[in-house]
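Trainee: structural data only, the sequence is not supplied:
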């Protein structure tokens, strides 16, 4: 029982982090209709900003978090304003925008490497010691905090999308941009909002991962791959689907490597991805329409 | 639209030509009256920090030897990738026409270019490649880095002396980790030890919780741990402490890096590993003063690699066969890590000791001869 519970907790922690990355990514994809790989760079950028503001400049914790999240959101807004808006004006295809996003990811991570160096950065907030024990399974206070914060943020995002004017406008643009514009919704403003909110959530993921696992310049790319996988499994245009897919990914990886060597962890993730692409390409919560790949 | 496109392409071409011309001019100025030495290090990727440390140490050696006007170092980044290492070597050999290389740092990179070195008769001294497969006689490859089998022997002897015969092995899933794995497992099983758990990590892995759960279930007395980077080692140690995995941790000589302490904090305390004890503390402290962190073993190896090579280039006036012959006979070179000799395989023979992480510092545990 304790073994099963421990594996469940391990999967829950991993899934929570993937879900934070995937939800922001999915939000941006569903409204903008292209894959924004530089979302991973936002994760890394926010983590390093938190490190700089909290550890190097010794700013108070809450202020550091707010500033870091704000800077992450600003980065997302800036990328949309200076890069993607211009590409949209030139009627660039989704493929061109994807290529641009990969270039942005490499650029930002290279700048992080240049300014902060390649050596390990630690945010030593909590003393390293044995975690809390529940029915034989162990979870540290920080890991518990990560899961709780992730669930809270995802809940807030869900509420935002369902019950606020901007959230509803985002869903309208995601569903049918032209129809949304006809009824007076500015697609351009919604694109900007999607980047701001998606990047805020990515920033939260970056800070939490930085606290748990330390910082390194490539951290965003690795998380982005897992977040993207989770989003596809759950339904890439469905934010709740992306969350569900990410938790499923976290559980599958951890239960999978209990029985297989740990080197198969990534293979498990991609096998799961392929299974869904082959048999349910719209994902868990995506709806397949005739003529479209998926929508919700 | 078409006119704008043509103008944009034209501007791009002009900029590219200007960049190439400027680069060529800079190269022209640097080329005169100095011996070119290629340096292949991982300056990006998961070992970038160690590569940078080694670069710092080599630069320190150049300054200390007043070699700035005599040696031109040409750095190439292989990111610890064998394909990139081959590309880096080919550029150094065919474009820069070097006869001497410091590096590659990583074992898989060195293994990849070894046939090319021997074919082109380019001399290489590696500060970092520990793989046993590189121990070959009559070739152009030397290393100031001790081979894996010397390190693992001292760990096996220590474990046996403590009555520890049930061990878990967790090493990187690459040639670096595999070499450590094979050396340790063969030596430990030979003395009657039992490997109760045997697995490894991917290069960028940062979540070891389920692996640690599996190790805990097997109840080993100790673990031999050599993941791809010291950051991984630190995260592993930290997660082990959090999960209550309370066993003796041992590692390779690569353990001693600041990254381990930064990543693990107090969780690193108690890790035991073999180490070439620095004998020339002046260089050690000079590095600390210059770069604000302790030098890794490979960084000191890089310092020695440069000095050994530079010394022979001076003696032989750049004649590479003369340099090679002298390197084959190198005995008791007074390096940063003590007296260095090369054996018949071009491997370094130096004195090994055991060290331990204590109170988040690297301290000597014992001193033994190899």
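Mentor: Good, I have the coordinates. All figures in this text were calculated on a predicted structure; none of them were measured in a lab.

Trainee: spell out which residues of the stretch 51-200 of chain A are next to chain B.
Mentor: Applying the criterion C-beta under 8 Å from any C-beta of the partner chain, the portion of the stretch 51-200 of chain A that neighbours chain B consists of A:113, A:117-122, A:124, A:127-131, A:138, A:140, A:143. In this view, the C-beta of every residue, glycine as well, is placed from N, C-alpha and C.

Trainee: give me the buried subset of the residues you listed.
Mentor: Those of these that meet the buried threshold are A:113, A:118-122, A:128, A:131, A:138, A:140, A:143, by 16 or more other C-beta atoms under 10 Å in any protein chain shown.

Trainee: related to what we said a few turns ago, and the residues of the stretch 51-200 of chain A next to chain B, which of them are in helices?
Mentor: Using DSSP state H, the members of those that fall in helices are A:113, A:143.

Trainee: just the residues of the stretch 51-200 of chain A next to chain B: which are in strands?
Mentor: Secondary structure from DSSP state E places residue A:138 of these in strands.

Trainee: near the closest residue to chain A within the stretch 1-150 of chain B, how many other residues are there?
Mentor: Minimum separation of the stretch 1-150 of chain B from chain A (C-beta to the nearest C-beta) falls at residue B:48, amounting to 3.4 Å. Using other C-beta atoms under 10 Å in any protein chain shown as the criterion, residue B:48 is surrounded by 23 other residues.

Trainee: gap between it and residue A:109?
Mentor: The spacing between residue B:48 and residue A:109, counted by C-beta to C-beta, to the nearest Å, is 12 Å.

Trainee: tell me the phi and psi of the residue lying closest to the residue of the stretch 1-150 of chain B closest to chain A once chain neighbours are set aside?
Mentor: Closest residue in space to residue B:48, ignoring its immediate chain neighbours: residue A:118 at 3.4 Å, by C-beta to C-beta, 6 or more residues apart in numbering or on different chains. According to degrees, to the nearest 10, the main-chain angles of residue A:118 amount to phi -90, psi -10.

Trainee: again with the one 5 residues further on
Mentor: For residue A:123, the backbone dihedrals (degrees, to the nearest 10) come out as phi -110, psi 90.

Trainee: wait, it touches residue A:54, no?
Mentor: Yes - under the criterion of C-beta atoms under 8 Å, residue A:123 makes contact with residue A:54 at 6.5 Å.

Trainee: more neighbours, these two?
Mentor: A side-by-side neighbour count of residue A:123 and residue A:54, using other C-beta under 10 Å, places residue A:54 first with 22 against 17.

Trainee: surely the more buried one is in a helix?
Mentor: Yes - under the criterion used here (DSSP: H, G, I helix; E, B strand; the rest coil), residue A:54 sits inside a helix.

Trainee: what's the helix or strand for the spatially most central residue of chain B?
Mentor: The centroid of chain B falls nearest to residue B:128 when counting by C-alpha atoms, centre = their mean (2.5 Å). When elements are defined using DSSP states H and E, residue B:128 is found to belong to no helix and no strand.

Trainee: not counting sequence-adjacent ones, nearest residue to it?
Mentor: Of all residues apart from its sequence neighbours, residue B:105 sits closest to residue B:128 (C-beta to C-beta, 6+ apart), at 3.8 Å.

Trainee: mind checking the SS state of the one you found?
Mentor: Counting by three-state DSSP, the backbone at residue B:105 sits in coil.

Trainee: ok, now how distant is it from residue B:262?
Mentor: Look at residue B:105 and residue B:262: by C-beta to C-beta, they are 20 Å apart.

Trainee: more crowded one of those two?
Mentor: residue B:105 (28 against 22).

Trainee: any part of stretch B:57-73 near chain A?
Mentor: No - where contact is defined by C-beta under 8 Å from any C-beta, no part of stretch B:57-73 touches chain A; the two come within 14.6 Å at best.

Trainee: contact partners of that stretch?
Mentor: By C-beta atoms under 8 Å, 6 or more residues apart in numbering or on different chains, the list of residues contacting stretch B:57-73 from outside reads B:30-31, B:33-39, B:102, B:283, B:286-287, B:290, B:295, B:299-300, B:302-307, B:310, B:313-314.

Trainee: likewise for stretch A:68-83?
Mentor: With C-beta under 8 Å, 6+ apart as the contact definition, stretch A:68-83 has outside contacts at A:38, A:41-42, A:45-47, A:49-50, A:53-54, A:100, A:104, A:108, A:191-192, A:195-200, A:202-204, A:206-207.

Trainee: can you rerun that using 6 Å?
Mentor: Residues lying outside stretch A:68-83 but in contact with it, judged by C-beta atoms under 6 Å, 6 or more residues apart in numbering or on different chains, are A:38, A:42, A:45-46, A:49-50, A:100, A:104, A:192, A:195-196, A:199-200, A:203, A:207.

Trainee: now do whatever helix or strand residue B:309 lives in: which elements does it pack against?
Mentor: Counting by DSSP H and E, the element that carries residue B:309 is helix B:297-316. Where contact means 3 or more C-beta pairs under 6 Å, 6 or more residues apart in numbering or on different chains; DSSP states H and E, helix B:297-316 is packed against helix B:48-64, helix B:320-328.

Trainee: now do that helix, average pLDDT.
Mentor: For helix B:297-316, the mean per-residue pLDDT is 93.

Trainee: and it, how far out from the chain middle?
Mentor: A distance of 15 Å separates the C-alpha centroid of helix B:297-316 from that of its chain, computed with C-alpha atoms, centre = their mean, to the nearest Å.

Trainee: and the helices in the stretch 1-150 of chain A?
Mentor: Secondary structure of the stretch 1-150 of chain A, counting by DSSP state H, counting those that start in this stretch: helices at A:2-32, A:39-50, A:61-79, A:85-89, A:94-116, A:141-163.

Trainee: likewise for the stretch 51-200 of chain B?
Mentor: Assigned by DSSP H, counting those that start in this stretch, the stretch 51-200 of chain B shows helices spanning B:82-90, B:107-120, B:148-161, B:175-190.

Trainee: just send these back as CSV, with mean neighbour count, mean pLDDT and distance to residue B:64 too.
Mentor: Below are those laid out as CSV (neighbours: other C-beta atoms under 10 Å in any protein chain shown; pLDDT from 0 to 100; distance: least, C-beta to C-beta, whole Å):
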stretch, mean neighbour count, mean pLDDT, distance to residue B:64
helix B:82-90, 19, 95, 26
helix B:107-120, 20, 93, 26
helix B:148-161, 21, 93, 28
helix B:175-190, 20, 93, 29
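
Trainee: mind putting those helices in JSON lines, distance to residue B:230 included?
Mentor: Output for the helices of the stretch 51-200 of chain B, formatted as JSON lines (distance: least, C-beta to C-beta, whole Å):
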{"stretch": "helix B:82-90", "distance to residue B:230": "21"}
{"stretch": "helix B:107-120", "distance to residue B:230": "16"}
{"stretch": "helix B:148-161", "distance to residue B:230": "15"}
{"stretch": "helix B:175-190", "distance to residue B:230": "13"}
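
Trainee: OK, contacts around the nearest residue to residue B:40 once chain neighbours are set aside?
Mentor: Excluding its sequence neighbours, the residue lying closest to residue B:40 (C-beta to C-beta, 6+ apart) is residue B:103, at 3.5 Å. Applying C-beta under 6 Å, 6+ apart, we find residue B:103 in contact with B:39-41, B:126.

Trainee: of these, which is the nearest to residue A:172?
Mentor: Using C-beta to C-beta, residue B:41 comes nearest to residue A:172 of the contacts of residue B:103, at 53.3 Å.

Trainee: how many residues are close by the closest one?
Mentor: Using other C-beta under 10 Å, the number of residues around residue B:41 comes to 31.

Trainee: repeat that for residue A:219.
Mentor: Other residues within reach of residue A:219, judged by other C-beta under 10 Å, total 23.

Trainee: swap in residue A:56?
Mentor: Burial of residue A:56 is recorded as 10 neighbouring residues (other C-beta under 10 Å).

Trainee: again with the one 5 residues further on
Mentor: A total of 11 residues lie near residue A:61 under the criterion other C-beta under 10 Å.
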